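A.B. asks: Below is the sequence, then the predicted model.
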Amino acid sequence: MSSNASLLLTRVAEERPTQKALLYSEGGVDCWLTYAELEALCNQYAQGLRTFGIRPGDKVLLMESQGVRFIALTLA
């Protein structure tokens with residue numbers, strides 16, 4: 001993660017790790033992701049992208065429906 005948005009996420013996750021960041025629905029049930037959880041998910045996706053040789057600044061096509069994964073991949 002190296003964009004301005006991801007740097008902001010890192011800072012907020014450090015300052016307020018347990019604060020709710022995302023509300024999403026899973027199977028009709030409302031769920032929350034904290035800033036720390038969202039940052040960890042973004043970092044996991046970023047590491048996965050790096051294993052495929054994708055680097056910051058590279059353009060990639062995301063084939064993902066709107067949701068938590070789409071947001072995390074966008075920030076990754």
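C.D. replies: Cool, got the structure.

A.B. asks: drop to CA atoms for contacts and neighbour counts, all remaining ones
C.D. replies: OK.

A.B. asks: buried residues in the helix or strand where residue 13 lies?
C.D. replies: If you go by DSSP states H and E, residue 13 is part of helix 4-15. Buried residues in helix 4-15, counted by 16 or more other C-alpha atoms under 10 Å: 6, 9, 10, 12, 13.

A.B. asks: now those residues in CSV, with distance to residue 28 and pLDDT?
C.D. replies: Shown next, in CSV, are these (distance: C-alpha to C-alpha, whole Å; pLDDT from 0 to 100):
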residue, distance to residue 28, pLDDT
6, 29, 82
9, 27, 94
10, 29, 93
12, 28, 96
13, 27, 96
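
A.B. asks: Which one of those residues is nearest to residue 58?
C.D. replies: Distances from residue 58 to the buried residues of helix 4-15, taken as C-alpha to C-alpha, are shortest for residue 6 (15.3 Å).

A.B. asks: isn't that closest one right next to residue 74, touching?
C.D. replies: No. Contact between residue 6 and residue 74 fails when scored by C-alpha atoms under 8 Å: they sit 9.2 Å apart.

A.B. asks: for this protein, which helix is longest?
C.D. replies: helix 35-51 (DSSP state H).

A.B. asks: So which elements touch it?
C.D. replies: helix 4-15, strand 20-26, helix 68-75 (3 or more C-alpha pairs under 8 Å, 6 or more residues apart in numbering; DSSP states H and E).

A.B. asks: Output the ones you listed as CSV; include the columns distance to residue 32.
C.D. replies: Below are these laid out as CSV (distance: least, C-alpha to C-alpha, whole Å):
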stretch, distance to residue 32
helix 4-15, 14
strand 20-26, 5
helix 68-75, 10
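
A.B. asks: quick one, phi/psi of the most far-flung residue of the chain relative to its centre?
C.D. replies: What lies farthest from the middle of the chain is residue 28; by C-alpha atoms, centre = their mean that is 21.8 Å. The phi/psi pair for residue 28 (degrees, to the nearest 10) reads phi 80, psi 0.
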